[in-house]
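In: Have a look at this prediction, sequence included:
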Amino acid sequence: MRRTRGMTAVLVGFFLVAGTIGCAKKVGPQPGAVPGAGPGGAGVGTGAGMGPDDARWRELGLNSEPERREFLQRAQSFENEDVYFDFDSYVLSDPAKRVLDTKVEFLKRYPKVKVTVEGHCDERGTNEYNLALGERRANSAYQYLVNSGVNAQRLGSVSYGEERPIAPGHDEASWAKNRRAHFVLNY
């Protein structure tokens, strides 16, 4: 009986320690943090009041605090405005072209910044079909930027198909929000 109690105590202790380790808080991006701006990162994306380190700011040609604040404000607007597509289409509409024109202006203003164009779809269709359609959407926006004078070496593209919806619903309003090209700055 004593041996059973001792073994039980050891096992309970083991599971408490194992549970504590298993439930340890995972280190990841913090709210408002700049993804990639931590150790080893070059700074990807924008964050509230945060940005690259001083050396990276100088590489971007932004030496004063007002220039840096303006850049971060513009970068946030840049990333928060997507281009939307009609159902089963990768043709750029006139409103989409106007959004892309503002992105061209930003990229010309900040020539050292790179961009990844992401293609997204709604949940309808097969995974393979949506990956291909997302790629065509990303390429459509990518090509518009290149044709408008942005150096292709500053651009990248990726398709996420239906895998990263911005709107979780299963209705036309949600689907319309998910049919998009999204832009991620790399600086």
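Out: Cool, the structure landed. Residues are numbered from 1 along each chain as shown.
In: what is the rounded mean pLDDT of stretch 148-155?
Out: Average pLDDT, stretch 148-155: 97.
In: what does that stretch rub up against?
Out: 100-101, 104, 107-108, 111, 113-117, 142, 145-146 (Cβ atoms under 8 Å, 6 or more residues apart in numbering). In this view, the C-beta of every residue, glycine as well, is placed from N, C-alpha and C.
In: Tyr144 and His170: what is the separation?
Out: 30 Å (Cβ to Cβ, to the nearest Å).
In: Look at these two and report which has more neighbours.
Out: Neighbours per residue, other Cβ atoms under 10 Å: of Tyr144 and His170, the larger number sits with Tyr144, 21 against 11.
In: Now that one. Nearest residue, chain neighbours left out?
Out: Spatial nearest neighbour of Tyr144, excluding adjacent residues (Cβ to Cβ, 6 or more residues apart in numbering): Leu100 at 5.0 Å.
In: and the next element down the chain from the lowest-mean-pLDDT helix or strand in the chain?
Out: When the helices and strands of the chain are scored by mean pLDDT, DSSP states H and E, helix 2-22 comes last with a mean of 44. Sequence-wise, the next helix or strand downstream of helix 2-22 (DSSP states H and E) is helix 54-59.
In: Mind listing what's buried along that following helix?
Out: Neighbour counts over helix 54-59 (16 or more other Cβ atoms under 10 Å) mark 56-57 as buried.
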